[in-house]
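Student: Turn this into a model:
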Amino acid sequence: MFFQKEKVMSDKALAVGHIPSGLFIVTTVDGDKKDGYLASWVQQVSFEPLVVALAVKAGRPGYDHIMSGKPFAINIVGEHETQFMRHFWKGYEKSPFGEIPHEVNEQGGLVIKDAKSAITCKLSSKSHPGDHEVVFAEVLASNVFESEAKPKVHIRKSGLDY
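Tutor: Numbers count the residues shown, from 1 in each chain. Sure thing, here's the model as predicted:
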C-alpha cells in the first residue's frame, strides 16, 4: 500500500510540474533599498479591475514590502533574456541593481529595462492556502520595452520544486 500511495503522489507532482508558467523578476524599492527575486507563479486573474495573482513565500526579498501594500513591479522575462535573470536565480550577496539597467517609474515600481515588459502593482488582497501566500495585486502601470519578443516559458520537472 505504501508504494502505491508514493506512486500516486509522484504522478501528481509530475502532472502539476507540467503546468507552464513564465519567469519573472519581482522587484521592490524603498528609499535606497532595492530588492528582487525570481518568480514563476504569476497569472492574470481579472479584467476589471486588472488584477494579477502571484505566489510569494515568506522570507523572499521584498516580501514585507509587498505585504505592506506598497507598489512593486513584476518584470516579465523574454525568451532570450537570461543575463539579468542569472543574478536572481540563486540569490545574491550584494545588490545586482548596480549592474542591471533599471529605473523607478512614477508609480514606484522598480522596472528592469532589459525585461520584455514590467507591470507595477499593489496588494489588493491575499490568501494563505499553503506554504506560499497568494497575493492578488491591482495593476497600476506598465512599461513595455520589447513588444516583439516572446515571454520565457518555464516547465518544471516536478510540482514539488521551482
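
Student: Could you identify the helix or strand that succeeds the helix or strand of the chain with the lowest mean pLDDT?
Tutor: Every helix and strand of the chain was ranked by mean pLDDT, DSSP states H and E. The lowest is helix 2-17, at a mean of 71. Downstream of helix 2-17, the next assigned helix or strand under DSSP states H and E is strand 21-22.

Student: The following helix or strand past that next one pairs with which strands, and in what direction?
Tutor: The helix or strand immediately downstream of strand 21-22 is strand 24-30, counting by DSSP H and E. Next to strand 24-30 in the sheet, as set by DSSP bridges, lie strand 33-39 (antiparallel), strand 72-76 (antiparallel).

Student: closest to Gly59 out of the ones you listed?
Tutor: Nearest of these to Gly59, taken as C-beta to C-beta: strand 33-39 at 9.9 Å. Any C-beta I mention is one placed from the backbone N, CA and C, and that applies to glycine too.

Student: Can you list the buried residues in the closest one?
Tutor: 34-39 (16 or more other C-beta atoms under 10 Å).

Student: go on, stretch 83-95?
Tutor: Residues of stretch 83-95 classed as buried by neighbour count (16+ other C-beta under 10 Å): 84-85, 87-88.

Student: And stretch 106-122, by the same measure?
Tutor: For stretch 106-122, burial by neighbour count (16+ other C-beta under 10 Å) applies to 107-112, 114-122.

Student: can you give me the strands in this protein?
Tutor: For the chain, the strands defined by DSSP state E cover 21-22, 24-30, 33-39, 42-46, 51-56, 72-76, 102-104, 110-112, 117-127, 133-144, 153-154.

Student: could you redo those strands as JSON lines and give each row distance to Asp11 and mean pLDDT?
Tutor: Listed next are the strands of the chain as JSON lines, based on distance: least, C-beta to C-beta, whole Å; pLDDT from 0 to 100:
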{"stretch": "strand 21-22", "distance to Asp11": "20", "mean pLDDT": "93"}
{"stretch": "strand 24-30", "distance to Asp11": "28", "mean pLDDT": "96"}
{"stretch": "strand 33-39", "distance to Asp11": "26", "mean pLDDT": "92"}
{"stretch": "strand 42-46", "distance to Asp11": "24", "mean pLDDT": "98"}
{"stretch": "strand 51-56", "distance to Asp11": "22", "mean pLDDT": "97"}
{"stretch": "strand 72-76", "distance to Asp11": "31", "mean pLDDT": "98"}
{"stretch": "strand 102-104", "distance to Asp11": "42", "mean pLDDT": "96"}
{"stretch": "strand 110-112", "distance to Asp11": "37", "mean pLDDT": "96"}
{"stretch": "strand 117-127", "distance to Asp11": "27", "mean pLDDT": "98"}
{"stretch": "strand 133-144", "distance to Asp11": "25", "mean pLDDT": "98"}
{"stretch": "strand 153-154", "distance to Asp11": "21", "mean pLDDT": "90"}
